[in-house]
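S.K.: Output the structure for:
(2 chains)
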Amino acid sequence: MTKDRREFLLNLGIGSGIAALGAQTVASMRSLVPNVSYDSPTTVKIGMPNDFADGLQFLPDQRLYVFRDGRTFHAISAVCTHLGCTVRAEALSQTETKTVDGKPLRLTHRFLCPCHGSRYSGDGTNVSGPAPKPLAWYHLSVAPEDGQLVVDLARPVDRDFRLTVV
Amino acid sequence: MSASPKNPSAAPAAPGVHPKRLWSFRPASDRQAGDAIVSNFMLHWFPAKSYKASLAWNYSFWLGTASAALLLLLVLSGLPLLFLYIPSVERAYASVKDIEYVITFGSWIRAVHRISAHLMVAAVFLHLVRVFLAGGYKNGVGQGQKREWNWVIGVAMLLLTLFLSFTGYLLPWDQLAYWAVTVGTNIASSVPYVGPTVRELLIGGRTIEQATLIRFYVLHVLFLPMLIGVLFGYHMWRVRKDGGLARADAARLLSDRQDVAPTPSKTYTLLGLARGTSPQVRASSLEAQGTTVNSIPDLTRRIAIVVLGTIALVGILSVFVRSPLEEPANPLITPNPAKAPWYFLWLQEIVTDTTLHIGSFTINGAFLGGVLLPGVLVALMTAWPWLDRSPGTAAGAWFASSRRRQNFVFLLLVAGVIALTVVGTFLRGPYWHFYWPWQAWPELPSRI
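M.R.: Numbering: from 1, shown residues only, chains lettered A, B, ... in the order given. Model (predicted):
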């Protein structure tokens, strides 16, 4: 009888001790999980369409390659799909036109990664090296208020995406 | 006899009372040697007597002691750096630059810290290789030995050493640092399902920023050193509990189980040291006469040689070898080639080579080579003492014939790691292309 009570009280003590320690640990760990993200916004204005020359332009802040071919634009991510280094563009000695996802695309460059040697063709397809998938294409639009190009880095698109600016 | 300081051979007033305040460099008797160990706070974790065979330079090469000395140097040189370094993305680089170029002796202190870290990775790795090849994790004749657990602790400390190096070299917030965190945390993020969450926890958000730096800083200066300190203490304690190095068992096996007549050389007092007056025990010949020596001075002298030698080597090297500092971290430009420090280059080489395409199905090399393969290696290494079925006679014997096959496979793996390290260090150029040392790297713009 007494023993039962003692045992019960002992277990209660140990149990609540463990529970208290556990709760405090969880609280401490939880405080390390961020609730607010101060990351830069994913929708960014990148300039007037006419500021882009024909061909390719690298936007370092967005780690993005923007291509202009006459009045059409498309944007390819510069983030290597293997381990996230910034790929570099290398101009091809002669341009070629390839049909990508049913639409013709003029390829002027290819992309190379300095970290582990992945290679991508001009449309972002992974050709060789450790890259597991193609470079992402991102959605482009024109801001209604001032006519600037807007890239949405949270919105990958298919490779037949083109923005035509009138 | 009176215990006058002028007469070191004088017997102490009572057992365990040592006439000197610190220790005896030249103990006049076994008893004084034993007393000096037992009564000294700094030495009480050593045995009063050591096996001669264990002390041999060419058995252990004293790599563990060297590792500990390097850890000591790292802690000591880290203390002034702690006052000088500022863990903020705006100021970290400038504070390291100040340490390197402005602060008096700053570059030397930083060099001591950096060189000790590099040497420690090498020393700890070689220590592990030595323990494996010599069957040091095997239990011999002693009772209650759990050497396999000390091996596990050792593997954990190797990983901690690597993680300490990783967290350390990204603190300067230069290009090496930034792209190392990028690649390192993306490896974590390649784990299916939980990866992205783990990465977010590691870097405290979705982009590498202040939250990342402070996390790695706290890990580097507080959490990991504390952890390695605790494990180091346990490692040493286990060595004592397990009866010293496995070599001692090998030396003992020969004469073991032979009852010898009771002699007055064994007593219950003072760890069985004092000759003379206390009750005699039956000794089943733990040690044949002459296999042991007093730890003071034989063990302490060797420890002093190794520790002081390590300190001298690092101290002098640090005068001549400058620590590099790359350009400030620039999230916009990845250096070409972007190389990890040498001890991670074999991993960089593996994550490069292990992306598999099976039909339309792709396994990212980041996961296969960066997580799975190292994970399997570590798991195998951890479990090896239980998988090793060789007899106890192989404990503490270099290249024991009963362990020939596993030693061979282990050496193959070690050679593989070293070969990949060499390839990564010397044979990789821009875009991680393969270049022979005599081939010139092409001229490429350093910026896009």
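
S.K.: what residues does chain A put near chain B?
M.R.: Chain A has residues A:32-34, A:37-40, A:58, A:60-61, A:63, A:82-86, A:88-89, A:112-117, A:129-133 near chain B, with proximity defined as CB under 8 Å from any CB of the partner chain. Every C-beta, even on glycine, is put in place using the N, C-alpha and C of the backbone.

S.K.: So among the residues you listed, which ones count as buried?
M.R.: By neighbour count, with 16 or more other CB atoms under 10 Å in any protein chain shown, these hold A:63, A:82-86, A:88-89, A:112-117, A:129-132 as buried.

S.K.: How many residues are close by the residue nearest to residue A:89 when sequence neighbours are not counted?
M.R.: The shortest distance from residue A:89 to any non-neighbouring residue, by CB to CB, 6 or more residues apart in numbering or on different chains, is to residue A:109 (4.4 Å). With neighbours defined by other CB atoms under 10 Å in any protein chain shown, the count for residue A:109 comes to 19.

S.K.: So residue A:109 belongs to a strand, correct?
M.R.: Yes: when DSSP: H, G, I helix; E, B strand; the rest coil is applied, residue A:109 is found to be in a strand.

S.K.: Output the below-cut-off pLDDT ranges for the stretch 1-150 of chain B.
M.R.: Flagging of the stretch 1-150 of chain B using pLDDT under 70 yields the residue ranges B:1-19, B:22-23.

S.K.: thinking again about what came up before, now do the contacts for the residue nearest to residue A:89.
M.R.: A:56, A:65, A:89-92, A:122 (CB atoms under 8 Å, 6 or more residues apart in numbering or on different chains).

S.K.: Please apply the same query to residue B:37.
M.R.: Remark: with contacts taken as CB under 8 Å, 6+ apart, residue B:37 is in contact with B:43-44, B:46-48, B:295-296.

S.K.: before we move on, the earlier item: among the buried ones among the residues of chain A next to chain B, name the ones in helices.
M.R.: Counting by DSSP state H, these place none of their members in helices.

S.K.: Can you name the residue of the stretch 1-150 of chain B nearest chain A?
M.R.: residue B:89 (12.2 Å; CB to the nearest CB).

S.K.: Who are the contact partners of that residue?
M.R.: B:173, B:209-210, B:213, B:329.

S.K.: Out of the residues you listed, list just those in helices.
M.R.: Using DSSP H to define helices, the subset of the contacts of residue B:89 located there is B:210, B:213.

S.K.: The contacts of residue B:89: which two are farthest apart?
M.R.: The span of the contacts of residue B:89, defined through CB to CB, is set by B:210 and B:329 at 11.9 Å.

S.K.: quick one, which of the two is more surrounded?
M.R.: Neighbours per residue (other CB under 10 Å) separate residue B:210 from residue B:329, with residue B:329 holding more: 22 against 15.

S.K.: Run through the residues that contact that one.
M.R.: Residues in contact with residue B:329 (CB under 8 Å, 6+ apart) are B:89, B:93, B:173-175, B:177-178.

S.K.: Surely residue A:91 is in a strand?
M.R.: Yes: secondary structure assignment (three-state DSSP) places residue A:91 inside a strand.

S.K.: With distance to chain A and neighbour count as extra columns, can I get the contacts of residue B:37 in CSV?
M.R.: Compiled in CSV, those are given as follows (distance: CB to the nearest CB, whole Å; neighbours: other CB atoms under 10 Å in any protein chain shown):
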residue, distance to chain A, neighbour count
B:43, 36, 19
B:44, 32, 10
B:46, 36, 19
B:47, 37, 20
B:48, 40, 23
B:295, 41, 23
B:296, 43, 25
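
S.K.: ok, the residues you listed vs residue B:147, which is closest?
M.R.: When the contacts of residue B:37 are compared for distance to residue B:147 (CB to CB), residue B:47 wins out at 15.9 Å.

S.K.: Tell me the secondary structure at that closest one.
M.R.: Following three-state DSSP, residue B:47 is assigned to coil.

S.K.: Hmm, it is touching residue B:239, no?
M.R.: No: using CB atoms under 8 Å, residue B:47 is not in contact with residue B:239, being 9.5 Å away.

S.K.: and the nearest residue to residue A:101 once chain neighbours are set aside, helix, strand or coil?
M.R.: In space, not counting the residues next to it along the chain, residue A:101 is nearest to residue A:160; the distance is 4.0 Å by CB to CB, 6+ apart. Under three-state DSSP, residue A:160 falls in the coil class.

S.K.: Residue A:160 and chain B, how far apart?
M.R.: Using CB to the nearest CB, to the nearest Å, one gets 20 Å for the distance from residue A:160 to chain B.

S.K.: which residues touch that residue?
M.R.: Under the contact definition (CB under 8 Å, 6+ apart), the residues listed for residue A:160 are A:100-103.

S.K.: which element follows the helix or strand hosting residue B:376 toward the C-terminus?
M.R.: Counting by DSSP states H and E, the element that carries residue B:376 is helix B:373-387. Counting by DSSP H and E, the next helix or strand C-terminal to helix B:373-387 is helix B:404-426.

S.K.: Report whether that next one contacts chain A.
M.R.: No: residues of helix B:404-426 are not located near chain A by CB under 8 Å from any CB, the shortest gap being 10.5 Å.

S.K.: Go through that helix and flag the buried ones.
M.R.: With burial defined by 16+ other CB under 10 Å, the residues of helix B:404-426 counted as buried are B:406-407, B:410, B:414, B:417, B:420-421, B:423-424.

S.K.: other SSEs contacting the helix or strand bottoming out on mean pLDDT in chain A?
M.R.: Lowest on mean pLDDT, DSSP states H and E among the helices and strands of chain A sits strand A:88-100, with a mean of 84. Strand A:88-100 sits against strand A:103-112, with contacts defined as 3 or more CB pairs under 8 Å, 6 or more residues apart in numbering or on different chains; DSSP states H and E.

S.K.: ok now the strand it packs on, how far from the chain's centre?
M.R.: For strand A:103-112, the gap between its own C-alpha mean and the chain's C-alpha mean amounts to 20 Å (CA atoms, centre = their mean, to the nearest Å).

S.K.: Please apply the same query to stretch B:174-184.
M.R.: Centre-to-centre, stretch B:174-184 and its host chain are 24 Å apart (CA atoms, centre = their mean).

S.K.: Now do that stretch: everything it contacts.
M.R.: Applying CB under 8 Å, 6+ apart, the set of residues contacting stretch B:174-184 is A:83-85, A:115, B:93, B:96, B:166, B:169-171, B:203, B:208, B:212, B:216, B:325-331, B:333-335, B:338, B:340-341, B:348.

S.K.: cool, and stretch A:28-37?
M.R.: Contact with stretch A:28-37 is made by B:200-201, B:204-206, B:211, B:215, as judged by CB under 8 Å, 6+ apart.

S.K.: These: which ones sit near chain A?
M.R.: Taking CB under 8 Å from any CB, the overlap between those and the neighbourhood of chain A is B:200-201, B:204-206, B:211, B:215.

S.K.: Quick one, which of the residues you listed are buried?
M.R.: In those, burial by neighbour count holds for B:200-201, B:204-205, B:211, B:215, counting by 16+ other CB under 10 Å.

S.K.: Which residue ranges of the chain form strands?
M.R.: In the absence of a named chain, chain A is used. Remark: strands of chain A, listed N- to C-terminal, are A:43-47, A:55-59, A:64-69, A:72-77, A:88-100, A:103-112, A:119-120, A:126-128, A:137-142, A:149-157, A:163-164; assignment by DSSP state E.

S.K.: not what I meant, chain B
M.R.: In chain order, chain B shows strands spanning B:49-51, B:292-294, B:356-358, B:361-363, with DSSP E as the criterion.
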